[in-house]
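>>> Sequence and predicted structure, then a few things I'm wondering about:
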Amino acid sequence: MTYIIVWVVLLAAFLIVEGVTAQLVTIWFAAGALVSLILAVLKLPLWVQITAFVAVSAVTLAATRPLVKKMTKTKIQHTNSDRIIGDTAIVTETIDNVEATGAVKVGGIVWTARSDDGSVIEEGKRVIIVKIDGVKAIVKEV
């Protein structure tokens, strides 16, 4: 009877933690506790209950982990601005990070620009777009 109470408490605790976290943290252990609870009700020895708990928890973890990883994998959503990274642009307004000025034209679109190393880049120069920071193109001189 004591082991039944232990397995019920463990099952409830695992399910409560699972409900609070919503990240599939303890669901495998809840399955193991459920099987062990059933074995305790059938009055099987404690070592069988513990072995079943460990085995069921491990098997369910191994079986569902790849699915969980796939479901929780964060996908990077590329935007149109990512397409210009690595492209060559023409400076249409002198880039000066200190004065917060500068613009480049790439693909027919004018972008606010800043230099990646803080240097001043004169109008008419060719630059490569290194990254996008908000709405600014971060560039370096070719």
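That came in fine, so what should we check first? Residues are numbered from 1 along each chain as shown.

>>> use CA for all of it now, contacts and neighbours both
OK.

>>> what about residue 14, is that helix, strand or coil?
helix (DSSP: H, G, I helix; E, B strand; the rest coil).

>>> so it sits right up against residue 29, yeah?
Yes - the pair residue 14 and residue 29 qualifies as a contact (CA atoms under 8 Å) at a distance of 6.7 Å.

>>> residues shared between the contacts of those two?
Counting by CA atoms under 8 Å, 6 or more residues apart in numbering, no residue touches both residue 14 and residue 29.

>>> More neighbours: which of the two?
Remark: of residue 14 and residue 29, residue 29 carries more neighbours, 24 against 20, as counted by other CA atoms under 10 Å.

>>> what helix or strand does the more buried one sit in?
Residue 29 belongs to helix 27-41 when assigned by DSSP states H and E.

>>> angle of the lowest-mean-pLDDT helix or strand in the chain against helix 27-41?
Taking mean pLDDT, DSSP states H and E as the measure, the helix or strand of the chain with the lowest value is helix 46-72, at a mean of 87. In terms of direction (axes from the mean of the first three to the mean of the last three CA atoms, to 10 degrees), helix 46-72 departs from helix 27-41 by 160 degrees.
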